[in-house]
Structures are given as C-alpha cells and as structure tokens.
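>>> Quick one, fold the following:
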Amino acid sequence: MNAPVAIDYKARAHLDPWTIPLEDIDVSNPFLYQEDTWAGFFARLRRDDPVHFVNSPMYGPYWSVTRYRDIMTVDTSHQIYSSDASMGGIALKDVPFEFRRESFIAMDPPKHDAQRKVVSPIVAPLNLAKLAGTIRERARRILDGLPRGEVFDWVDLVSVELTTQMLATLFDFPFEERRMLTHWSNVASVNTRAGTEIDSEQKRDAVLQEMLAYMTGLWNERAKAPPQPDLISMLAHGEATRDLPSRPTEFMGNMLLLIVGGNDTTRNSISGGLWALNKYPGEYAKLRANPALVEKMVPEIIRYQSPVVHMRRTATQDTELGGKHIRKGEKVAMWYISGNRDSEEIENADSFVIDRARPRQHLSFGFGIHRCVGNRLAEMQLTILWEEILKRFPTIEVVEEPQRSYSNLIHGITEMKVRIPA
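Predicted coordinates for the structure are as follows:
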C-alpha cells in the first residue's frame, strides 16, 4: 500500500492562481496569509467560481463564498446559516466537542440577543465619549516614549501596547498584569499547526483554563460589589449572564470573545494601516497635507487590512446561493478579505485610497445580528492614534516586510520593524 503523499502547503501558496485547476484552489491554506499571496486566488474565485466547493485536506469539505453580495446574503440570513457552537461555530476548523466554547458570537437567537445586549452599553456613544480622553492620553504617552532614529518593532511597542491598555480598562483588569490579556488572546487565536508551543487543543485548553480561573476570581469580586461600568461587572450583574460561571465553557467562550475581539482586530489594523501608508507613499503624502482625512482613512484601513479573514456558518436547511445547491449541515465560509476586494462593489478595490467617497462600504465588521459590537470603539482608537501620530512625526518608515500570522482566521501582523527619523 502506498503511503499518502505529504502536501507542501507553503509551495501551494505560491502557485499561479490563474493557471491551476479550480478544484485545486483551497483558500483555507494558512500559508496564503503568512506568505501574503492570497489576493490572486480570491480574484480567480470571484471571477470563475464565487461559491466554490472544495474538500480541504486540512478542514474537510466546505463552500467558499468570495463575492461581496453573496457574503452579505449569508451574513444576514442567520435563520439559514447558523453560527451556533453546537453546529461547529464560526471557524472552519471542526474543534472536538469537549473543546468547543460557546459565546454569543457562536450562538443563534434568542440566546445570542440576550447576552449581546448585556455588554452593548460599554460601547454606547456616551461611554465611548468618556473613553476617548483615556485613549488619547495613553496614545500620547506611548508615542512620546518611542525611540527616534533607531529601528524598533511597531507591533510590540504601539499596536499591542495601546490595545492591551484599552482592553485592561474595559475589563478593569489589573493594569500591571495587562500583558496576560495579550498572551491569552494570542493563545486563543493561534493556529495549532503554526509551529508554536501551542500545537494541540489540549495545550491551548491548559492555558485557557488558567485564564478561566483568573477571570472567575475577578468575576466573584465584581458580583459581590455594586454594579460598575466594566465588562466583567456588567456580565456578573446582567440578567442573561450572571450565572455564566456555572457553565464554564460558555464563560470561557465569552471571555475569549471579548479579549480577542477587543484586541486582535484593532491591533492588526494599527499595524496594517502604517504598512499600507508605506506601500502607498502618495496616500501618505496626501494624509500629511490634509490630516482631516484621518476620519475617512480609518475605515479604509479596516477594509484594506481585513483583520478577520473568514467566518464560518453551517447550513440549517437545503438552500441555494449563487446558483449552487448547499445541503443542510454543510460548512460555508464567508471570506471577508475577498469581499473587501470585490471590484464589482468597491471601486479600485485592490488599492489603498484614504479619501474614498464611501469609506465604510466594507465587510470587516460583518453584518446582520453578529455585526461587531465594538466597531465604533475600534474606529475611535485608530482615529485618535493617527491624529496624535500626525502631530508628532512627519513620517514613520517601515524598514522591512512585516512578519505575518500563520492563520486563516485572523489577518495578523506579528512583527513590523520601523524607524522614526531623528
């Protein structure tokens, strides 16, 4: 009997997407994103097979949805396309049942609606206005502490630090221990094939059990105290969530959703925005000449970076999409990163343009009942940061190609070396 042939996934990420057979295109390959070769594969699928079936060696059979309008259809049809953890949740990888973590992003109504409603007040306009001063003060302190005339890692000193400080504020988390939040976020979102020490669901779960124990201690303190305007207190006193610790996997799932959602996406947009401006020096010059363009640039950064690569749904019934028959129980992947490059919907979609007429025409926050609850907070952090950057630095130079995450879920930048001229 012949042994199975090992697949060189890294080499596959560098094939010519326009000449290989359609059935060989599998955009779930994480190397596409680590090697930054994904764009052509999606362009081919949008043109030739926008609702594309593939039996992935890594993730099993699934449908790829790559055009803007089809993604919108799936995202706004939760009755047909479920995100419930019991049906597989929101990521292509089928996690063993004992490691599935229910959270309100991996729930269907009515349970989803009740839990989401509890945390929504923290990102209501009045509370965002209160947070703005804190964000600005911290952005100023971080930027004023950056070295001049020498190379440093923008991801660590700026992107991670600003978002982790903000996350610690939202949770009212012990400030001196805030990098624990970064660590848990990284562990939660890492691909177990990425070559890190987290190479199995068992090892991931061991770290996240430590997170659960720590958060349970904070929860118990907040539950005994009067309600406060932080996420843990809101959940501890919320009618739909006050008993979460009695359901540990759901408690863990919701904590991770708030940590990853409040951290990974914004920090990768902070890094991706600076990278985009360096790739498009004409846009950087335009911004320096007119700093008021920050307001339009921020949603363009979020579109261009597309910090969430995909979200998965599972069909609850037989249905049709883009002329294809999808059967009940089949996996469907919405590739937001592809929809954000759909030139049929977004003019000049492959380019970074900081003064678009409709800058918020993107899919990065999702649509429907699962639209990102913290979208305005993310925009506010980016806006304030860039306002403060433009007051201080004529330019920030990216000195080498960024290092990227081995992931088909989070479009991440793990390291980016920059220099601020002295």
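>>> Off-centre distance for stretch 51-71?
Offset of stretch 51-71 from its chain centre (CA atoms, centre = their mean, to the nearest Å): 19 Å.
>>> That stretch: which residues count as buried?
Buried residues in stretch 51-71, defined by neighbour count with 16 or more other CB atoms under 10 Å: 51-52, 54, 56, 59, 62-68, 70-71. For the C-beta atoms, the positions are set from N, CA and C on the backbone; glycine is no exception.
>>> Could I get the CA-only coordinates of the lowest-mean-pLDDT helix or strand in the chain as CSV?
Among the helices and strands of the chain, helix 111-119 carries the lowest confidence by mean pLDDT, DSSP states H and E, at a mean of 75. This file holds the C-alpha atoms of helix 111-119, laid out as CSV (Å, rounded to 0.1, in the frame of the first residue of the first chain):
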residue,chain,number,x,y,z
LYS,A,111,-29.8,33.4,23.5
HIS,A,112,-27.4,35.4,21.3
ASP,A,113,-29.6,38.6,21.6
ALA,A,114,-29.9,38.4,25.4
GLN,A,115,-26.2,38.0,26.0
ARG,A,116,-25.1,40.6,23.5
LYS,A,117,-27.5,43.1,25.0
VAL,A,118,-25.7,42.9,28.3
VAL,A,119,-22.3,44.1,27.0
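>>> mean confidence for the following helix or strand past it?
Using DSSP states H and E, the next helix or strand after helix 111-119 towards the C-terminus is helix 125-144. If you average the pLDDT over helix 125-144, you get 89.
>>> Could you give the separation of helix 125-144 from the chain centroid?
22 Å.
>>> ok, now stretch 7-21?
Taking mean C-alpha positions (CA atoms, centre = their mean), stretch 7-21 and its chain are 25 Å apart.
>>> Same check on stretch 223-243?
Counting by CA atoms, centre = their mean, stretch 223-243 is centred 26 Å from the centre of its parent chain.
>>> Okay, buried residues for it please.
230, 231, 232, 233, 234, 235, 236, 237, 238, 240, 241.
>>> these two touch, right, the fifth one and residue 121?
Right, residue 234. Yes - between residue 234 and residue 121 there is a contact under CB atoms under 8 Å: 6.8 Å.
>>> coming back round to it: okay, and which of the buried residues of stretch 51-71 map to helices?
With helices defined by DSSP state H, the entries of those inside them are 68, 70, 71.
>>> measure the last one to residue 214 for me?
Here residue 71 is placed at a distance of 37 Å from residue 214 (CB to CB, to the nearest Å).
>>> What of the first one?
Using CB to CB, residue 68 is found at 41 Å from residue 214.
>>> before we move on, what about residue 252?
11 Å.
>>> ok, these two, which is more surrounded?
More neighbours surround residue 252 than the other of residue 252 and residue 214, with 23 against 16 (other CB atoms under 10 Å).
>>> I figured that one hits residue 208, correct?
Yes - counting by CB under 8 Å, residue 252 sits close enough to residue 208 to count as a contact (6.0 Å).
>>> and residue 348, that one's in a strand?
No - assessed with DSSP: H, G, I helix; E, B strand; the rest coil, residue 348 is coil; it does not lie in a strand.
>>> returning to that earlier point: so which bits of the least confident helix or strand of the chain are buried?
Neighbour counts over helix 111-119 (16+ other CB under 10 Å) mark 112, 115, 116, 118, 119 as buried.
>>> what's that helix packed up against?
Helix 111-119 sits against helix 231-237, with contacts defined as 3 or more CB pairs under 8 Å, 6 or more residues apart in numbering; DSSP states H and E.
>>> Tell me how far the next helix or strand after the helix it packs on lies from the chain's centre.
Note on helix 231-237: by DSSP H and E, the next helix or strand toward the C-terminus is helix 248-261. Distance of helix 248-261 from the chain centroid (CA atoms, centre = their mean) equals 15 Å.
>>> which helices and strands sit right next to helix 248-261?
helix 161-171, helix 179-189, helix 201-224.
>>> mind listing what residue 264 touches?
The contact partners of residue 264, by CB atoms under 8 Å, 6 or more residues apart in numbering, come to 185, 189, 307, 410, 412.
>>> Nearest residue to it in space, please, no chain neighbours.
Using CB to CB, 6 or more residues apart in numbering and skipping the chain neighbours, the partner closest in space to residue 264 is residue 410 (5.2 Å).
>>> next one: residue 304
Nearest residue to residue 304 in three dimensions, chain neighbours excluded: residue 352, at 4.9 Å (CB to CB, 6+ apart).
>>> And residue 237, by the same measure?
Closest to residue 237 by CB to CB, 6+ apart is residue 227, at 4.4 Å.
>>> wait, isn't that neighbour in contact with residue 234?
Yes - in terms of CB under 8 Å, residue 227 counts as a neighbour of residue 234; the distance is 7.4 Å.
>>> Check residue 97 and give its pLDDT.
Confidence score, pLDDT, at residue 97: 61.
>>> And for residue 67?
At residue 67, the pLDDT value in this model is 98.
>>> Quick check: the gap between the nearest residue to it once chain neighbours are set aside and residue 336.
Leaving aside its sequence neighbours, residue 67 sits nearest to residue 50 (CB to CB, 6+ apart; 4.4 Å). Applying CB to CB, the value for residue 50 to residue 336 is 14 Å.
>>> Between the two, which is the more surrounded one?
In this view residue 50 and residue 336 are compared by other CB under 10 Å, and residue 336 has more residues nearby, 26 against 23.
>>> While we're on the more buried one, how confident is the model there?
98.
>>> How about it: what's its closest non-neighbour residue?
Nearest residue to residue 336 in three dimensions, chain neighbours excluded: residue 363, at 4.5 Å (CB to CB, 6+ apart).
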